[in-house]
Structures are given as C-alpha cells and as structure tokens.
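> Test case, fold it:
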Amino acid sequence: MNLRFLSLASGSSGNCYYLGNDEYGILIDAGIGIRTIKKHLKEHNIPFENIVGLCITHDHADHIKSAGCLGEKYFIPVYTTKEILAGMNRSYCMTEKIYTACHPICKEVPFEIRDFKITSFEVPHDGTDNVGYFIEYGDRKFAFATDLGHIPPGVAHYLRKANYLVIEANYDIEMLTHGTYPPHLKQRIINPNGHMSNADTAEFLARNFTEDMQYIFLCHLSRENNHPELAYKTVEYRLYQEGIRVGKDVQLVALKRNHPSEYYNFE
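As a prediction, the model looks like this:
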C-alpha cells in the first residue's frame, strides 16, 4: 500500500506528524491540542480511529501536549523510552499522565507497529532523553530528526539511508543574534545540545545527500528567528553549490508551523 505523510504542525509552538497507509497510521509527537489533531486528520479524510500508535521524541512541551490524552483516554499505545516517559509525567503541560498506555522502547532496538519497522536513535538535545526515528515500510525509509543541536555520526547513519527525511531547520543565525531573545536563551539554542540552524542543516544535506533521498522536509522552524522562505532558500542554494537541483534531484519542503502541510502520497 502507498505510504502517506502529513505534518499537522511543525514549529516551536507545537509538533505532530502523521505517517500511514490506506488502513492505519501512526503519529510522531503530539504537541498540539487533541481537538486540533482530530480536526486536521478529518480535513484530510484520515479517520482518527485509524491511529494505532504514537511515538514520542522527547519530553518538551511542544511535543507532548496531547500524548497523555491519546494514550489514556483513547487507548493509543505510546512508544518512547522509560526516561522520556518519566520526563513526560513530570511535565506541567501534559495534564493527563501516562500510566497504562506506554510501550517502553530502547534505542537502536527495532520494534514494530503493524507493517512499520521502527528504530529509535540517540540525538543530541536538552530533553530528559531524546530520540529520532528511522521507519521502514516495505522498501521505503522515513527518518525523523526534529530537535537536535548537531548531527553526530550515529545520527547521520540513519539520515543518509532515508528516502524521506524530516530534519530540523530551527533558526537563522542572523535573526537569532540580532533578535530579542535574552542571552541565556540564545546560548541554549546554539548549544550543541540545542537546535540546528538553517546553515547547519544545509551544510549537512549538501555533504550527505544521496540519490535515494526523494523528499527533504524542513521542520521545527522558529516563529521569531526564522521564515519558511529563508530556510528553503538557504538549503536550496547550498545544495545547488554541490550540483544538487531542488525540484529535479530532490523535492524540498519547509513545513508550516501552525497549519497542516500538503498530504503526501508516496507510491
């Protein structure tokens, strides 16, 4: 069956992604309200009842807001590490705590949700614990790296194998440097365990692009320190310098912060 992808929201205010087929699907993170999740799924003719799993990347508020509700009220299995779960249940923003719905996972140990073979991997960020996801569906491979301060070899190993890559491009360094954030917050963002800039992401993609990459989705854009057009152009130009043509060699998309993306159908 075809593989389908929808970003429900991707930004500093909330993150949630859908990956599925004609019969069922999973969510990656649930950092927006449950009503919003249901609304956006319905708008794209995805029955809410088709959600068979939720994978959480880390315990920051913009990734877990509705996770407890999805797990405990709607009985959707929640997959994450024990450390991330503990951080989620300590978080003030997740009012419904998770007691029975969690399915603990271990990094680098594959698990399955129906026909999805999923491997979590360590990413450098400042949550209680932090993972990305490498998801195999038949011969198609999806990688999610939504919050990370840099890309070490262990992360690059998975990202290079992806046909469809969701990767952070959080901020433009000039906008951040000259913006209104206090110094301590600026330092947290640019820290190796913080977030990836447009230029960081562009450089990684230019040096690690493979012919197997079909789509690159730029995610988790900052509202205050980035623009979708700026992120797109920064990556497009750096790829062009390496002879990689956006629109021909690869498709590039800057995901919207507060609105759903196009509903992608990968045959």
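
> just so I have it, where are all the helices in the stretch 151-267 of the chain?
153-159, 173-177, 183-190, 198-208, 228-241 (DSSP state H, counting those that start in this stretch).

> packing partners for the second one?
Contacts of helix 173-177 with other secondary structure elements, assessed using 3 or more C-beta pairs under 8 Å, 6 or more residues apart in numbering; DSSP states H and E, are made with helix 183-190. C-beta: built from backbone N, CA, C; applies to glycine.

> so what does the helix it packs on touch, helix or strand wise?
helix 173-177.

> Can you verify my assumption that H195 contacts N170?
Yes: taking contacts as C-beta atoms under 8 Å, H195 lies within contact range of N170: 3.8 Å.

> Now do the shared contacts for those two.
Listed contacts common to H195 and N170 are 147, 189, 220, 222; contacts here mean C-beta atoms under 8 Å, 6 or more residues apart in numbering.

> The nearest residue to the third one once chain neighbours are set aside - how many residues pack around it?
Which is H220. Distances taken as C-beta to C-beta, 6 or more residues apart in numbering place E168 nearest to H220, at 4.6 Å, with adjacent residues excluded. By the criterion of other C-beta atoms under 10 Å, E168 has 27 neighbours.

> correct me, but E168 touches C219?
Yes: contact criterion C-beta under 8 Å: E168 and C219 qualify, at 5.7 Å.

> Does the closest residue to A145 other than its chain neighbours fall in a helix, a strand, or a coil region?
Computed as C-beta to C-beta, 6+ apart, the closest residue to A145 that is not its neighbour in sequence is G132, at 4.3 Å. Of the three states, G132 takes strand under DSSP: H, G, I helix; E, B strand; the rest coil.

> For beta bridges, what are the partners of G132?
F121 (DSSP bridges).

> For it, give me the pLDDT.
What the model reports as pLDDT for G132 is 98.

> what about the residue nearest to H220, distance to P124?
Taking C-beta to C-beta, to the nearest Å as the measure, E168 falls 11 Å from P124.

> Pull up the overlap in contacts between those two.
By C-beta under 8 Å, 6+ apart, the residues touching both E168 and P124 are L148.
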